[in-house]
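1. All I have is the shape, not the residue letters:
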């Protein structure tokens, strides 16, 4: 099956980045663009990928010939695009977060239920990170025994002068845990092979960028998985301007027989155990990427995807619930 991609919503560079890699795969083509919020971006993409700009979403869906819809729209605007595209029978590729409200998530799950042949792919790209793939192999091999707790830290650099205005509007942005934390919640579920049972705690606050009164620059949440593992996630926009990385992400996994520290910035996974000396583990590089995985998922009914429709929905649901929990605590 050929993958013919139309793009609606170009608010974030994740979308164009995906498209640039996707067209390198055989059988993939770009059929058109639409974005009434960012017409200049749509025109620029049209020239880059040699595909027309359409006047509205209905025209794009009706005339472009696409069988796949890619969106990187403003966070709060994705649901309307996705619902209409699913109803038109198109598979969906979306950057994260998928939505900003539970109502919008329910709208998407309802329309997917009515169109069971349609697949949705959320860019949960950390499942393809070689350092985290290596950590999962160690867990699956029993190297640290039963996983007891996981600490996932995801600091980012904000550089607000380069950010769009909608990011500082909580209704359009959707919150830091919903945006960044969806990765870390999904990672914990994937590493443990166990779904979220309950949210134990969550909070957000604005400590550094106080000039934005509708924005939180840090957030934390604690969750319990069905297998009893406790997960702590820390999300922030607090990385200093002079720091050498966009953010020093770290993933610490404690088990009954050992511990793993996964360090993507330095491409290193360190294993500590009861039976083996501390050592850095050889990194395992996955066969698939966040681009190849959905292309195969959409085109081959027998292909077992790394990230399925249900994976994306469940991760987004848990992230939304954490964001809502934090908002409730902050309002008290």
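-> Arrived safely, thanks for sending. Because the structure is a prediction, the values reported are computed rather than measured.
2. Doesn't residue 198 belong to a strand?
-> Yes - judged by DSSP: H, G, I helix; E, B strand; the rest coil, residue 198 forms part of a strand.
3. Tell me how many other residues crowd it.
-> Look at residue 198: counted by other C-beta atoms under 10 Å, it has 11 neighbours. For every residue, glycine as well, the C-beta is placed using N, CA and C.
4. excluding its backbone neighbours, what's nearest it?
-> residue 224 (5.1 Å; C-beta to C-beta, 6 or more residues apart in numbering).
5. What of residue 108?
-> Distances taken as C-beta to C-beta, 6+ apart place residue 82 nearest to residue 108, at 5.6 Å, with adjacent residues excluded.
6. Over to residue 146?
-> residue 256 (4.7 Å).
7. Just the pLDDT for the one you found.
-> Here, the pLDDT recorded for residue 256 equals 98.
8. swap in the one 4 residues further on?
-> Listed pLDDT for residue 260 reads 98.
9. Am I right that the residue nearest to residue 198 falls within a strand?
-> Yes - checked against three-state DSSP, residue 224 lies within a strand.
10. For it, give me its contacts.
-> For residue 224, the contact set (C-beta atoms under 8 Å, 6 or more residues apart in numbering) comprises 196, 197, 198, 200, 230, 231.
11. for residue 262, same thing?
-> Taking C-beta under 8 Å, 6+ apart as the test, what residue 262 contacts is 131, 132, 134, 135, 250, 251, 252, 253, 268, 269.
12. give me that answer again for 10 Å
-> Going by C-beta atoms under 10 Å, 6 or more residues apart in numbering, residue 262 touches 129-136, 138, 152, 187, 191, 249-253, 268-270, 281.
13. On the three-state scheme, it is what?
-> Residue 262 ends up strand, using three-state DSSP.
14. Count the residues that sit near the closest residue to it other than its chain neighbours.
-> Excluding the flanking residues, the one nearest residue 262 by C-beta to C-beta, 6+ apart is residue 251, at 4.1 Å. Neighbourhood size, residue 251 [other C-beta under 10 Å]: 24.
15. where does residue 251 fall, helix, sheet strand or coil?
-> Residue 251 ends up strand, using three-state DSSP.
16. Repeat that for residue 269.
-> Per three-state DSSP, the local secondary structure of residue 269 is strand.
17. burial measure for it, as a count.
-> Per other C-beta under 10 Å, the neighbour tally for residue 269 reads 26.
18. One more: residue 221?
-> For residue 221, using other C-beta under 10 Å, the count is 27.
19. for it, what are its contacts?
-> 152, 177, 181, 184-185, 199-204, 231-235, 318-319, 321-323, 325-326.
20. what's the answer for residue 54, then?
-> With contact set as C-beta under 10 Å, 6+ apart, residue 54 has these partners: 6, 8, 31-35, 42, 46, 60-64.
21. okay, now the spatially closest residue to it that is not a sequence neighbour: neighbour count?
-> Once flanking residues are discounted, residue 54 sits nearest to residue 60: 4.0 Å by C-beta to C-beta, 6+ apart. By other C-beta under 10 Å, 27 other residues sit near residue 60.
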